[in-house]
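**Student:** Need coordinates for the following:
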Amino acid sequence: MVDTLTTKQERAQLLQTWKQAFASNNPFGDPFREDWNVLLFYPTYGYHFEEHQYDALMAAVLQSGAGEALILESELESKSFEAAQSWRMTPDTQYAEYCEIGIRVENSIWSPSGKWGGMISHELHAIIGGEPDFIKTLLSTAPFAQQEQDELLKFWEDNSDVEWLHNIIARRGIL
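**Tutor:** Model prediction:
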């Protein structure tokens, strides 16, 4: 089930919980809390996860008891988040329904409990961060993670600005 968040109270709660998970809205840096590990998914389906990525993430959410997920078009500066599109969904939401969400820019998805979060960039990668136990659970549901991280590194090797990727893997990666 997916709901669009529209009330002032929903939007205020959304912003408060976003700040518990994220330090910035930059999917080309280190956007997460200091004590989190990360996994990288590549490629994504535009501004949505690919089906196997989505299924793995939602399976980890269900297994960890992390509850619902919030989604925010977070490409805007954080001051403008109140005007950004946002949604709430349950982890049993089917992939087809998730894909019907009209996400048109870089976006964040996270747990209101602050256990995990992720960002999808315009460069077709997702960076998923979370408490070590959550990332360990996600790794068990995402056996493809190492291959996708390797593919992302290969894609970026020809780019002169690949330092961000090497830094995030060196500091927080678990693969």
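**Student:** show me where the chain has helices.
**Tutor:** 8-21, 51-64, 95-99, 132-141, 145-157, 163-172 (DSSP state H).
**Student:** for the ones you listed, which one ends up most surrounded?
**Tutor:** Among those, helix 51-64 has the highest mean neighbour count (mean count of other Cβ atoms under 10 Å), at a mean of 20. For the C-beta atoms, the positions are set from N, CA and C on the backbone; glycine is no exception.
**Student:** what about that one, average pLDDT?
**Tutor:** The average pLDDT for helix 51-64 rounds to 96.
**Student:** How about stretch 9-16?
**Tutor:** 83.
**Student:** And for stretch 76-96?
**Tutor:** 84.
**Student:** do you know how far residue 36 is from residue 151?
**Tutor:** 23 Å (Cβ to Cβ, to the nearest Å).
**Student:** Which residues does stretch 159-168 contact?
**Tutor:** Stretch 159-168 has contacts (Cβ atoms under 8 Å, 6 or more residues apart in numbering) with 28, 29, 30, 38, 40, 127, 152, 153, 156.
**Student:** what's the answer for stretch 10-20, then?
**Tutor:** 5, 33, 70, 72, 74, 81-82, 86, 88, 108, 110-112, 114.
**Student:** Can you tell me which of those lies closest to residue 48?
**Tutor:** The shortest approach to residue 48 among the contacts of stretch 10-20 belongs to residue 108, at 12.9 Å (Cβ to Cβ).
**Student:** dump the residue contacts of the closest one.
**Tutor:** Contacts of residue 108 (Cβ under 8 Å, 6+ apart): 18, 21, 22, 25, 71, 72, 74, 117, 118, 119.
**Student:** Also residue 21?
**Tutor:** Residue 21 touches 32, 33, 108, 110, 111, 114, 116, 117, 129, counting by Cβ under 8 Å, 6+ apart.
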